[in-house]
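Peer 1: I would like the atomic coordinates for the input below:
(one chain, ligands or ions: 1)
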Amino acid sequence: MSGSLAEVRLARGDASVDDEHDPEGPTLSSEWSRIAGVTGELENRSHSVDAALGRIDAGRYGVCVRCGEPIGFERLDARPFAELCIRCARLG
Ligand SMILES: [Zn+2]
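Peer 2: Here you go, the predicted structure:
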């Protein structure tokens, strides 16, 4: 009797451990998607850096790619890899 009670307690203990473990299952995939998102962001940024470096080589850095006007120091200070002047950026 006491032996079977202990077995039931043991089984319950295992069950409660499983219950605590299962909700943590999805964290691995959500962590993975977070990492994938960060990696994608870094890739986008490196593309922007490459494009900015290309414009420096071509002597067009700091000049709006759409209208050809200077982008402006304050905007470049805030967004060093900006391709558009503030006016064109606002136009979308
Ligand atoms: Zn512009």
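Peer 1: pLDDT below threshold where in the protein?
Peer 2: Where the chain drops to pLDDT under 70, the residues are 1-26.
Peer 1: before we move on, which element is the residue nearest to the spatial centre of the chain in?
Peer 2: The chain has residue 38 as the residue nearest its centroid, 3.1 Å off, counting by C-alpha atoms, centre = their mean. Using DSSP states H and E, residue 38 falls within helix 25-57.
Peer 1: what does the helix or strand just after that helix contact?
Peer 2: Later in the chain than helix 25-57, the nearest helix or strand by DSSP H and E is helix 73-78. Taking contacts as C-beta atoms under 8 Å, 6 or more residues apart in numbering, the residues outside helix 73-78 that touch it are 62, 82, 85-86. Heads up, the C-betas are built off the backbone N, CA and C, glycines and all.
Peer 1: top of those residues by number of neighbours, please.
Peer 2: Among the contacts of helix 73-78, residue 85 has the most neighbours (other C-beta atoms under 10 Å), with 22 neighbours.
Peer 1: quick check: closest non-adjacent residue to that one.
Peer 2: Distances taken as C-beta to C-beta, 6 or more residues apart in numbering put residue 64 closest to residue 85, at 3.8 Å, once the chain neighbours are dropped.
Peer 1: wait, isn't that neighbour in contact with residue 83?
Peer 2: Yes - contact between residue 64 and residue 83 holds when scored by C-beta atoms under 8 Å: they sit 7.4 Å apart.
Peer 1: more neighbours: which of the two?
Peer 2: Applying other C-beta under 10 Å to residue 64 and residue 83 shows that residue 64 carries more neighbours, namely 20 against 17.
Peer 1: contacting residues around that one?
Peer 2: The contact partners of residue 64, taken as C-beta under 8 Å, 6+ apart, are 70-71, 83-85, 87-88.
Peer 1: and this structure, which residues reach the ion?
Peer 2: Residues of the chain lying close to the ion by C-beta under 5 Å from the ion are 64, 66-67, 85, 88.
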